[in-house]
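> No sequence on hand, only this structure:
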DNA sequence: CAAGAGATCATCT
DNA sequence: GATGATCTCTTGA
């Protein structure tokens, strides 16, 4: 089943944790790519100095002040895109960065199974290094600025989440500090990064 | 292995 | 004009 707005309209930390084990699904023409979310980071509001919205309401951050279940995609370092899903109530700017996916086959396709091999070289097969980072997963899933401000919770969306019945037990979830936010003062050490313990598709231990 | 540099541009000052 | 929610490649121990 596909995740609706209600799922995202909750405390960001909770959503970030619950997103582990869910599947990101991307439709490209007749093809479908999917991957299980194995790593996320929460950016939890206007006082979170690592959250872009802490700098105020600007053209770029506007989307985070809107309703939950909308994509926030931005370019970073002039080279990569980062995919985020907006959470919580309107007017409360918060989002979750999707940091890594475990590539998967799509059992429902009876034709040749597709794997996540679009992003980088190498021949077919499950690549452990094609979606293990926010920039790389966007490349692999062909996600760019066109998705910014679009909804993830309408049926016609070409990018959305599914619950396929996988539950990650609490003792399998690691909670630690976020990556690349050294500038954010006290917030840099807050445990707002979540990943599945022992999973080999995460971006960093 | 770890550490450092460079690529490259949208966004904000 | 500076900087970054990144990644890959190079260097050196």
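Structure received. Computed from a predicted model, the values in this text were never measured in an experiment.
> okay, CA-based contacts and neighbour counts for the rest of this
OK.
> what about the closest residue to DNA strand B within chain A, distance to DNA strand C?
Closest to DNA strand B within chain A is residue A:78: 3.3 Å, counting by Cα to the nearest atom of the strand. Remark: distance between residue A:78 and DNA strand C (Cα to the nearest atom of the strand, to the nearest Å) = 5 Å.
> Let me see the contact set for the residue nearest to the spatial centre of chain A.
Nearest to the mean C-alpha position of chain A, counting by Cα atoms, centre = their mean, stands residue A:98 at 2.1 Å. Neighbouring residues of residue A:98 by Cα atoms under 8 Å, 6 or more residues apart in numbering: A:37, A:39, A:40, A:41, A:82, A:83, A:84, A:85, A:134.
> ok, now with 7 Å
A:39, A:40, A:41, A:83, A:84, A:134 (Cα atoms under 7 Å, 6 or more residues apart in numbering).
> Surely the second one is in a helix?
No - using DSSP: H, G, I helix; E, B strand; the rest coil, the secondary structure at residue A:40 is strand, not a helix.
> how about the residues of chain A near DNA strand B?
Residues of chain A that fall close to DNA strand B, judged by Cα under 7 Å from any atom of the strand: A:55, A:58, A:59, A:60, A:61, A:74, A:75, A:76, A:77, A:78, A:79.
> In TSV, list those along with pLDDT and secondary structure.
Formatted as TSV, the residues of chain A next to DNA strand B follow (pLDDT from 0 to 100; DSSP: H, G, I helix; E, B strand; the rest coil):
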residue	pLDDT	secondary structure
A:55	95	helix
A:58	96	coil
A:59	96	coil
A:60	97	coil
A:61	98	helix
A:74	98	strand
A:75	97	strand
A:76	97	strand
A:77	96	coil
A:78	95	coil
A:79	95	coil
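> Drop anything exposed from those.
Among the residues of chain A next to DNA strand B, those buried by neighbour count (16 or more other Cα atoms under 10 Å) are A:61, A:74.
> Could you single out the nearest of the residues of chain A next to DNA strand B to residue A:12?
Nearest to residue A:12 out of the residues of chain A next to DNA strand B is residue A:61 (Cα to Cα; 16.3 Å).
> Please determine how far that closest one is located from residue A:151.
Distance, residue A:61 to residue A:151, by Cα to Cα, to the nearest Å: 16 Å.
> Give me the residue ranges of chain A where confidence is low.
Along chain A, the parts satisfying pLDDT under 70 run over A:105-127.
> So what pairs up with residue A:37 in the strands?
In this entry, residue A:37 is beta-bridged to residue A:101, by DSSP bridges.
> Which secondary structure state is assigned to residue A:16?
Residue A:16 ends up helix, using three-state DSSP.
> Surely it and residue A:40 touch.
Yes - proximity of residue A:16 to residue A:40 meets the contact threshold set by Cα atoms under 7 Å, at 5.9 Å.
> Relative to DNA strand C, which of the residues of chain A next to DNA strand B is nearest.
Nearest to DNA strand C among the residues of chain A next to DNA strand B is residue A:77, at 3.7 Å by Cα to the nearest atom of the strand.
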